[in-house]
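Asks: kindly generate the corresponding structure for this input.
(one chain, ligands or ions: 1)
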Amino acid sequence: MKNTISRRKFIQVNSIAGVSLAASPVPFFTNGMPSKKITVAVMGIRGRGNALAKVFANQPDCEVAYLCEVDERYYEKTLKELAPFQKKKPKLEKDIRKVLADKSLDAIVIAAPDHWHAPAAIMACQAGKHVYVEKPCSHNPREGELLVQAARKYNKVVQMGNQRRSWPNVRACIKDLHAGIIGNVYYATAWYTNTRESIGYGKTTTAPDYLDFDLWQGPAPRRPYQDNLHPYNWHWFWHWGTGEALNNGTHFVDLMRWGMQVDYPKRVVSMGGRYHYQDDWQTPDTQTINIEFEANKSMSWESRSCNSLPKHGFTAGIVFHGDGGSVLLGSGNAYTVYDNDRQPKIIKEVTAESKTADQPNQRNTLGPGAWFDAPHANNFLQAIREGETLRSEIEGGHKSTLLCQLGNIAYRTGRSLNIDQRNGHIIGDMEAMKLWTREYEPGWEIVV
Ligand SMILES: NC(=O)c1ccc[n+]([C@@H]2O[C@H](COP(=O)([O-])OP(=O)(O)OC[C@H]3O[C@@H](n4cnc5c(N)ncnc54)[C@H](O)[C@@H]3O)[C@@H](O)[C@H]2O)c1
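Replies: Alright, predicted model coming up:
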């Protein structure tokens, strides 16, 4: 049974925010045929994929046709939790290539680890499927470029899963910024804090029977299994993950880029390290990234994975600064506008209509609530069905992901990077450009 409340809520919140749902003149058809029901496969169902499977199953005229997962321990929970949303039991399959071979399937939702995102998304476009790919859309910049190319070449709807782009009050905030509520927005700063534990030192061992580690690695060159990698901790290993800068940074750097109306930067620097614990964790647990654009604009990102002191009352958020004041956009669906007096006064306050998972000073341990994922998923489905404009089309998703990737490249090389503002490429630094792409397991190279 579908839950129609979420749809009503969706329509209601969009009218609150005054968001237009402009349809493009040419509707997309599913697999060449006009079709109302959209079938999706969800790839990776332990954490994010479990939530997204329920969100998609809960959308009108959408069915989760496959759960694709390489660790068999996770099927039972997701199947059980999906049951209230759809009568038909999804098929279970380990190998995404077999899922993509099903001609009746319309789209895939990718929530596997980051090294799988762009390769799976590109394979899906080639197989004629539309793609909802979790953030970050790629493991490295070259993959992002190839994914944009694939979306164009195969004419597929490809949305990145930075769901804040669909939150009504975030959209209202950006609209206010673009209308000049604080004048020229020349600087923005964003942060994320957490108290992540040490991952210790893993043992190299054979992979457990319940896990197909070969498929888990997929496009990444083979490494031996180690017991502190899966699930989740792969985030902190460069071979598979992308660190906090892309794990949480992609959400907030994307909103800064949107609010400031900037694209490719001219200079990127970054500092940080694995400061809090000594263990196998390779990416920085503490990091700042500073990104400069032309026209006297810059932004900064701060992540503290192991130190939780909130800023401005929020565990994560953004402040936009302009010549007429500042805007505080916390990690929820609310924002506050200040003037530029010596003692700044609130000139506008927009509160969330619904409780978010991360109200001021309450830690978000469960991830974004399903209510906040629904409008983004719905937008993706409506883009497939009726040509609705995507809120995070892959080209913009790539540009935002790239800013964070450039931050990590600056961090890893220890250098200030000069960037070609026409395409985001690094200028005059061969060593840094080595991190523009990666090596692939033979047979898994990406070709668009
Ligand atoms: N948009 C958001 O707010 C949000 C929130 C959380 C996570 N994410 C993103 O979702 C992704 C997954 O994160 P997570 O926390 O769920 O990680 P996780 O490690 O808990 O889950 C990943 C799952 O993918 C499975 N997997 C690995 N290779 C696979 C393959 N080839 N085929 C099918 N399944 C495969 C793993 O077995 C695991 O169950 C990450 O890229 C993360 O950045 C986004």
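Asks: ranges for the helices of the stretch 301-448 of the chain?
Replies: Using DSSP state H, counting those that start in this stretch, the helices assigned to the stretch 301-448 of the chain run over residues 370-386, 394-413, 430-433.
Asks: what mean pLDDT does stretch 143-153 have?
Replies: In this model, stretch 143-153 has a mean pLDDT of 98.
Asks: go on, stretch 197-213?
Replies: The pLDDT scores in stretch 197-213 average 98.
Asks: now that stretch - C-alpha only, CSV.
Replies: Extracted in CSV, the C-alpha atoms of stretch 197-213 (Å, rounded to 0.1, in the frame of the first residue of the first chain):
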residue,chain,number,x,y,z
GLU,A,197,35.4,6.5,16.7
SER,A,198,38.8,5.1,15.8
ILE,A,199,38.7,2.3,13.2
GLY,A,200,41.8,0.7,14.8
TYR,A,201,44.2,-1.5,12.8
GLY,A,202,42.5,-4.1,10.6
LYS,A,203,43.7,-7.6,10.1
THR,A,204,44.3,-8.9,6.5
THR,A,205,42.2,-12.0,6.2
THR,A,206,40.0,-13.9,3.8
ALA,A,207,36.7,-12.2,3.2
PRO,A,208,33.7,-13.7,5.1
ASP,A,209,31.4,-16.1,3.2
TYR,A,210,28.5,-13.7,3.3
LEU,A,211,30.4,-11.1,1.3
ASP,A,212,31.4,-11.2,-2.4
PHE,A,213,34.4,-9.1,-1.9
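Asks: who's in contact with it?
Replies: Where contact means Cβ atoms under 8 Å, 6 or more residues apart in numbering, the residues beyond stretch 197-213 that reach it are 70-73, 94, 216, 224-230, 233, 236, 277, 279-281. In short, each C-beta sits where N, CA and C put it, glycine included.
Asks: between the helices of the stretch 301-448 of the chain, which one is nearest to the ligand?
Replies: helix 370-386 (7.6 Å; Cβ to the nearest ligand atom).
Asks: buried stuff in that closest one?
Replies: Within helix 370-386, the residues scored as buried using 16 or more other Cβ atoms under 10 Å are 370-385.
Asks: also stretch 193-212?
Replies: For stretch 193-212, by 16+ other Cβ under 10 Å, it's 193-194, 196, 199, 207, 211-212.
Asks: the strand or helix carrying residue 64 vs helix 370-386, what angle?
Replies: Assigned by DSSP states H and E, residue 64 falls within strand 62-68. If you take axes from the mean of the first three to the mean of the last three Cα atoms, to 10 degrees, strand 62-68 sits at 100 degrees to helix 370-386.
Asks: what's the mean pLDDT across strand 62-68?
Replies: Strand 62-68 carries an average pLDDT of 98.
Asks: repeat for stretch 289-304
Replies: The model assigns stretch 289-304 a mean pLDDT of 97.
Asks: mind checking how far the residue lying closest to residue 285 once chain neighbours are set aside is from the ligand?
Replies: Closest residue to residue 285 apart from its sequence neighbours, by Cβ to Cβ, 6 or more residues apart in numbering: residue 305 at 4.1 Å. Distance check for residue 305 against the ligand: by Cβ to the nearest ligand atom, to the nearest Å, it reads 14 Å.
Asks: and for residue 115?
Replies: Distance, residue 115 to the ligand, by Cβ to the nearest ligand atom: 9 Å.
Asks: quick one: that residue is in a helix?
Replies: Yes. Assessed by DSSP: H, G, I helix; E, B strand; the rest coil, residue 115 belongs to a helix.
Asks: wait, it sits on residue 223?
Replies: No. When contacts are counted by Cβ atoms under 8 Å, residue 115 is not listed as touching residue 223 (11.0 Å).
Asks: who has more neighbours out of these two?
Replies: Ranked by neighbour count (other Cβ atoms under 10 Å), residue 115 and residue 223 place residue 115 first, with 27 against 13.
Asks: name the residues of the stretch 1-150 of the chain found near the ligand, please.
Replies: 43-49, 68-71, 74, 96, 111-114, 116, 134-135 (Cβ under 6 Å from any ligand atom).
Asks: would you write a ChimeraX line that selects the buried entries of those residues?
Replies: The ChimeraX command for the buried members of these (criterion: 16+ other Cβ under 10 Å) is given here:
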select :43,44,45,46,48,49,68,69,70,71,74,96,111,112,113,114,116,134,135
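Asks: show me the residues of the stretch 1-150 of the chain next to the ligand that map onto helices.
Replies: Among these, the members falling in helices (DSSP state H) are 48-49, 96.
Asks: want to throw these into CSV with pLDDT and distance to residue 156?
Replies: Below are those laid out as CSV (pLDDT from 0 to 100; distance: Cβ to Cβ, whole Å):
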residue, pLDDT, distance to residue 156
48, 96, 21
49, 97, 20
96, 98, 16
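Asks: quick check: residue 234 is in a helix.
Replies: Yes. Counting by three-state DSSP, residue 234 is located in a helix.
Asks: from residue 280, how far out is it?
Replies: Using Cβ to Cβ, to the nearest Å, we find residue 234 at a distance of 11 Å from residue 280.
Asks: rewinding a little: now the common contact residues for residue 115 and residue 223.
Replies: 217, 239.
Asks: center of the chain, which residue is that?
Replies: Nearest to the geometric centre of the chain sits residue 135, at 2.1 Å (Cα atoms, centre = their mean).
Asks: these two touch, right, it and residue 253?
Replies: No. Residue 135 lies out of contact with residue 253 (Cβ under 8 Å); the separation is 10.2 Å.
Asks: got the contact list for residue 226?
Replies: Going by Cβ under 8 Å, 6+ apart, residue 226 touches 202-205, 280.
Asks: could you look up the SS state of the nearest residue to residue 50 once chain neighbours are set aside?
Replies: In space, and not counting its chain neighbours, residue 50 is closest to residue 78: 5.0 Å by Cβ to Cβ, 6+ apart. Of the three states, residue 78 takes helix according to three-state DSSP.
Asks: still on that earlier bit, need the helices of the stretch 301-448 of the chain in CSV (columns: mean pLDDT and distance to the ligand).
Replies: Converted to CSV, the helices of the stretch 301-448 of the chain look like this (pLDDT from 0 to 100; distance: least, Cβ to the nearest ligand atom, whole Å):
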stretch, mean pLDDT, distance to the ligand
helix 370-386, 90, 8
helix 394-413, 98, 11
helix 430-433, 96, 24
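Asks: what's the closest of those to residue 145?
Replies: Nearest of the helices of the stretch 301-448 of the chain to residue 145, taken as Cβ to Cβ: helix 394-413 at 6.9 Å.
Asks: CA atoms only: put that closest one into PDB for me.
Replies: C-alpha atoms of helix 394-413 as PDB (Å, rounded to 0.1, in the frame of the first residue of the first chain):
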ATOM      1  CA  ILE A 394      24.600  15.500 -13.100                       C
ATOM      2  CA  GLU A 395      26.600  18.400 -14.700                       C
ATOM      3  CA  GLY A 396      26.000  20.600 -11.600                       C
ATOM      4  CA  GLY A 397      26.500  17.500  -9.300                       C
ATOM      5  CA  HIS A 398      29.900  17.000 -11.000                       C
ATOM      6  CA  LYS A 399      30.900  20.700 -10.600                       C
ATOM      7  CA  SER A 400      30.200  20.600  -6.800                       C
ATOM      8  CA  THR A 401      31.800  17.200  -6.300                       C
ATOM      9  CA  LEU A 402      34.800  18.500  -8.200                       C
ATOM     10  CA  LEU A 403      35.300  21.400  -5.800                       C
ATOM     11  CA  CYS A 404      35.700  18.900  -3.000                       C
ATOM     12  CA  GLN A 405      37.900  16.600  -5.000                       C
ATOM     13  CA  LEU A 406      40.200  19.600  -5.800                       C
ATOM     14  CA  GLY A 407      40.300  20.200  -2.100                       C
ATOM     15  CA  ASN A 408      41.500  16.700  -1.500                       C
ATOM     16  CA  ILE A 409      44.100  16.900  -4.300                       C
ATOM     17  CA  ALA A 410      45.400  20.100  -2.700                       C
ATOM     18  CA  TYR A 411      45.600  18.400   0.700                       C
ATOM     19  CA  ARG A 412      47.300  15.300  -0.700                       C
ATOM     20  CA  THR A 413      49.900  17.200  -2.700                       C
END
